[in-house]
Every structure is written in C-alpha cells, then in structure tokens.
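>>> sequence first, predicted model second:
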There are 2 protein chains.
Amino acid sequence: MYIRCMIPVVLLGGGNLAFHLAQTFAESEEIDLLQVYNRTLANIEEFEKFAPTTDDPEKLVPAAVYIIATSDKAIAELSAKLNDVSGLVVHTSGAMEINILSPKRKGVLYPLQSFTKDKNVNFESIPLCIETEETQDYVLLEKLAKTISTKVYPMTSAQRKKLHIAAVFVNNFVNYMYGMGEQICQDHGIPFEVLLPLIKETAQKMETLTPSQAQTGPASRKDKKTIALHKQELTKEQLTIYNLLSEAILKKNNDGNKL
Amino acid sequence: MYIRCMIPVVLLGGGNLAFHLAQTFAESEEIDLLQVYNRTLANIEEFEKFAPTTDDPEKLVPAAVYIIATSDKAIAELSAKLNDVSGLVVHTSGAMEINILSPKRKGVLYPLQSFTKDKNVNFESIPLCIETEETQDYVLLEKLAKTISTKVYPMTSAQRKKLHIAAVFVNNFVNYMYGMGEQICQDHGIPFEVLLPLIKETAQKMETLTPSQAQTGPASRKDKKTIALHKQELTKEQLTIYNLLSEAILKKNNDGNKL
C-alpha cells in the first residue's frame, strides 16, 4: 500500500498572494490545505472553494505549517495569536525580519514576484526565498517550497531585505522608466507598442549578458553630442532623471567624466 | 510564366546593423542585394558571402534603394557620394533627420532595436520606422520594409527623434536599473538570477497593462515606512537615484506629496 504524505497547512490572509497560494495548495497533491483564516470572513468568500474558512483565531486547527500572507503591518499582531501552536509559523514578506514573528518555531517563505489579482500565477518559476532558525524547520519549509516552485533559495533576513530593495530597482523603477517612455510617445503621437519589442529584448538579454555587458546608449559610448541633443527635447522633469542616469552611466563606464 | 519582382538594393556600412541587414536581404526572395560598400574593404570580408563588396564609391551599381547603415557621423559625407544615383537613398539612424541626406530622393528606415554582433537577428518582429519625402518613395520603402518585418510604422523625423529618446528610457536606463539590482545582489551574496523572473514579468506586463496600471512598490502605495527603511540600506550613489525616482513615482501617483 502506498501512503502519500501531504504537508498539512493553514493559510492566514485574504489578499492576492494568499489567494494565489490557496489556489496552488488546493491543486497540489503534496500540500493539504486545512483551513484559511482571515479577520474579515466576508473578504475570503472566494477561498471557500479551496478550504474551510474561519475568522476566529481560537478555532485554528493543528497544522505542520502556518503561512501568514498578509500586509507587513498585520504580521506581528497575527503571529502573536499563534504563540501556542506547535507547527512552524512563517511570514511571506520581503521586508520583514524573521524575528517579527513571536511563535517559537518561525520562518519566512518569500516569493519574489508582484502579484496582480486577476492574473493567474504559476509558482513554478517564481523564486521562493526561505529562512528558518532551526535546521529541522528548514528541511520542512524547503520541502513545502519545492512542491510549488523549482527555484528555492536559502536567504537570511539581512539578505532578503537587500533583495527587496534590488527588486524596487528592477521592477518598480524599471516600470517607471516604461512610463516615461510611454509619456514621450503619447506626447508626440507615437504608438507605445513600437517600444514593446525593445522592452522585451532588453529584459531577455539578462538571461545571457550581465547588465554591464548589455549597456548601450549615448551615455555608455560617451556620445555627448547626442546627449546634448536629447536634453533639448525633454521636459524639466524628464531632464532631471535623464541627467542623473546619464551621468551615472557615464561615470560607471568611463571613470567619472562629467557630461 | 511567373515573374518575381525583387527590389535591387545596395547596402553601405560595415557594422552590426549592416551585417544583420545583409544577412537578412541575402536570404530574402524579395530583395536582391546587389552590392555592399564600405570605406575599408577589410572590415566587410564577412559580407562577401552575401554580395559583391567594394570600397570605391565610383563603382556603386544602379539600384532601387541605397541603404546607409553606418554610424550617425558618417551619414552626411557618405550620402554626398550618392548625389548622382537615381535610386532612393535612406539612412537607418534614430537620431538623424531625413535632411542630413543630400541625394534628391531620400528616406529613413530606422529599426528600433539594439543590435549585438554575435547574436542572430530576426527582423520580423523588429519595428521599422520609415519616412520619405515623396509618396512614391514611401510606397517603395514600405514594400521593402514589409519584406523583412511585420511591424512597419510611418514616422516623421521629429517623431523619430522623440522615439529615440523614449528608447533611452526603456532600454538604456532600464538596463542601468538592472545593473543597480545586480550590484546590490553581488554586495550581499545573493545570486542575481533570483531577480530574473521578476525582470521578465515586469517587461511582459507591458503587453497587457499600461505602465501606470502596472506600477507597484513602496512609493506607489505611499509606504513611507518602507521607503525610510530602504534609505538606510543604500550607498550614497544608490540613494540619489532611489530618492529621485521614489519622489517622481510618489508625485505621479499621489499628487505631489513629498517623502
């Protein structure tokens, strides 16, 4: 007789990440999603198809792992309600230290991706950064993480904090650059779609080149004539960002020559 | 009997773009690449497999279209050598106006992509921005452009100049952001590959969302606590860029509240 060993999990939270985790766990043959908790039951009605729901911390069932997938500011208070559980309690935040958790057995399961509500998520290629205090707990959390993703990385709280900042640069700030490109297009009757292949190619290059190898453009080739021409075309706001980043690239590539 | 009408083309230049164009034209059944010109013959030895080569402007053969695919600063001088040809003379620069060309029939064929020497290029999905002075020439250039790409856009010199600047934001500056993310990872023993799925996802979102819709992160949600935490972790150089971009996002999303 073959006995399948599923990891019993309780999920806490009602946001995008909690929803995508619940969906993934419900479909997994290696995770047994026992329960979903949220302070406001009405907000997790959609979760009922995945597991029984509750808004009463007293009614949490025993599980091997409790996953807190809430906003950063709710983590500490919620984890205090789990002080008496014997399972491993993990949060899912990139910015919060492991020690914000109060239960004895603590850990972090941080998926490095931005989650949009209406978009289906395949965790398989999403990096999961995990941390625990005890080796035994690490083995358990790694096992759980590997059931949903092929990319599992050990990461300390200090490293995760840095990674979270790096993500601001490659995600939030990059997206802002896309917005600046879009604005320039809109202002001059150019369809933004013209830029899409370049956006895609720029991202794809990171699979084979380092950012230094891939750097092109007027600043990287010290083309001050083109830079001067560009400057004449920009609004004051665009100019501030154009100047700062051009000087930074010039400095990096050419030992600090000023524009 | 079926008569195939190929467009006779002469290509001028010996760089990456010229090479990829020569390769593409040589494989095309609709373009007849008659000749490749370069000032230094030794630099286009690799081109000999595509077409006869020459370094003598006096020996240029008659063609329907002459394509100048050189660096920006070589265009004017080279085009002056084509003053007597009866064909259409086009340059391939994003930054240069159509009028930098001196021949009577002039145009621009600007492929919006960054070309790396050793990487094969499929022009099919690369946007080609085209411009001519005469409608008749436009029809010819559009026909030529459509033989190699499915994305052909009419674009004036003024628009192309703006597009070129927009490309600096979504390509050069974005790549610099990747570099900043990489630096933070390297400094703290985190593999850069952890960021790759996020980089890919951020770019892919542009296919379905506008940059404004896709904007996430501490600045866009007015999360001043996280921003303050991040600031403590950054080097002076990183901080300057972090501050400027966070304030710009905050301003855009929240009507100008300062950090």
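In hand now; what should we look at?
>>> once you drop chain neighbours, what's closest to residue A:226?
Of all residues not flanking residue A:226 in the chain, residue A:218 sits nearest, at 4.1 Å (Cβ to Cβ, 6 or more residues apart in numbering or on different chains). In short, each C-beta sits where N, CA and C put it, glycine included.
>>> secondary structure element for that neighbour?
Using DSSP states H and E, residue A:218 sits in no helix or strand.
>>> residue contacts, it?
Listed by Cβ atoms under 8 Å, 6 or more residues apart in numbering or on different chains, the contact partners of residue A:218 are A:224, A:226-227, A:230, A:246, B:168, B:172.
>>> how much space is there between it and residue A:210?
Distance of residue A:218 to residue A:210, computed by Cβ to Cβ, to the nearest Å: 20 Å.
>>> now swap in residue A:48 and tell me
Residue A:48 is 47 Å from residue A:210, by Cβ to Cβ.
>>> need the strands for the stretch 1-150 of chain A, in chain order.
Applying DSSP state E, counting those that start in this stretch to the stretch 1-150 of chain A gives strands spanning A:7-12, A:31-37, A:53-54, A:65-68, A:88-91, A:106-111, A:128-132.
>>> out of those strands, flag the one nearest residue B:178.
strand A:128-132 (19.0 Å; Cβ to Cβ).
>>> CA atoms of the closest one as PDB?
C-alpha atoms of strand A:128-132 as PDB (Å, rounded to 0.1, in the frame of the first residue of the first chain):
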ATOM      1  CA  LEU A 128      11.000  31.400  -3.200                       C
ATOM      2  CA  CYS A 129      13.400  32.700  -0.600                       C
ATOM      3  CA  ILE A 130      13.200  30.700   2.600                       C
ATOM      4  CA  GLU A 131      14.600  31.100   6.100                       C
ATOM      5  CA  THR A 132      14.200  29.400   9.400                       C
END
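>>> and it with strand A:106-111, angle?
170 degrees (axes from the mean of the first three to the mean of the last three Cα atoms, to 10 degrees).
>>> I'd like to know which elements strand A:128-132 is packed against.
Helices and strands touching strand A:128-132, by 3 or more Cβ pairs under 8 Å, 6 or more residues apart in numbering or on different chains; DSSP states H and E, are strand A:106-111, helix A:135-148, strand A:152-154, helix A:157-167.
>>> TSV please, covering the ones you listed and showing distance to chain B and mean neighbour count.
As requested, the helices and strands packed on strand A:128-132 are exported to TSV (distance: least, Cβ to the nearest Cβ, whole Å; neighbours: other Cβ atoms under 10 Å in any protein chain shown):
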stretch	distance to chain B	mean neighbour count
strand A:106-111	10	24
helix A:135-148	13	17
strand A:152-154	6	17
helix A:157-167	4	21
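>>> can you redo the ones you listed as CSV with distance to residue A:192?
CSV is the format used below for the helices and strands packed on strand A:128-132 (distance: least, Cβ to Cβ, whole Å):
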stretch, distance to residue A:192
strand A:106-111, 29
helix A:135-148, 35
strand A:152-154, 35
helix A:157-167, 24
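>>> now the ones you listed in JSON lines, with distance to residue B:35 and mean pLDDT?
Shown next, in JSON lines, are these (distance: least, Cβ to Cβ, whole Å; pLDDT from 0 to 100):
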{"stretch": "strand A:106-111", "distance to residue B:35": "56", "mean pLDDT": "98"}
{"stretch": "helix A:135-148", "distance to residue B:35": "58", "mean pLDDT": "97"}
{"stretch": "strand A:152-154", "distance to residue B:35": "55", "mean pLDDT": "98"}
{"stretch": "helix A:157-167", "distance to residue B:35": "50", "mean pLDDT": "95"}
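>>> look up how far residue A:131 lies from the nearest residue to residue A:104 once chain neighbours are set aside.
Distances taken as Cβ to Cβ, 6+ apart place residue A:83 nearest to residue A:104, at 7.9 Å, with adjacent residues excluded. Residue A:83 sits 20 Å away from residue A:131, taking Cβ to Cβ as the criterion.
>>> and if you look at residue A:37?
Taking Cβ to Cβ, one finds residue A:37 at 22 Å from residue A:131.
>>> also residue A:43?
Residue A:43 is 28 Å from residue A:131, by Cβ to Cβ.
>>> give me the more crowded residue out of these two.
For residue A:43 versus residue A:131, neighbours defined as other Cβ atoms under 10 Å in any protein chain shown are more numerous around residue A:131 (23 against 15).
>>> now the more buried one, nearest residue through space, not along the chain?
Nearest to residue A:131 is residue A:108, by Cβ to Cβ, 6+ apart, at 4.4 Å.
>>> in the sheet, who's paired with that neighbour?
Beta-bridge pairing for residue A:108 (DSSP bridges): residue A:91, residue A:131.
>>> any idea how far residue A:152 is from it?
The value you get for residue A:108 to residue A:152, if Cβ to Cβ is used, is 12 Å.
>>> identify the contacts common to those two.
With Cβ under 8 Å, 6+ apart as the test, residue A:108 and residue A:152 both reach residue A:130.
>>> residue A:93 is in contact with the residue nearest to residue A:131, correct?
Yes - counting by Cβ atoms under 8 Å, residue A:108 sits close enough to residue A:93 to count as a contact (7.3 Å).
>>> now the helices for chain A?
Under the criterion DSSP state H, chain A contains helices at A:16-27, A:75-80, A:135-148, A:157-167, A:174-187, A:196-204, A:211-214, A:224-233, A:236-254.
>>> next one: the fourth one to chain centre, how far?
This points to helix A:157-167. 10 Å (Cα atoms, centre = their mean, to the nearest Å).
>>> check which helices and strands that helix sits against.
strand A:106-111, strand A:128-132, helix B:174-187, helix B:224-233.
>>> pLDDT at residue A:113, what is it?
If you check residue A:113, the pLDDT there is 86.
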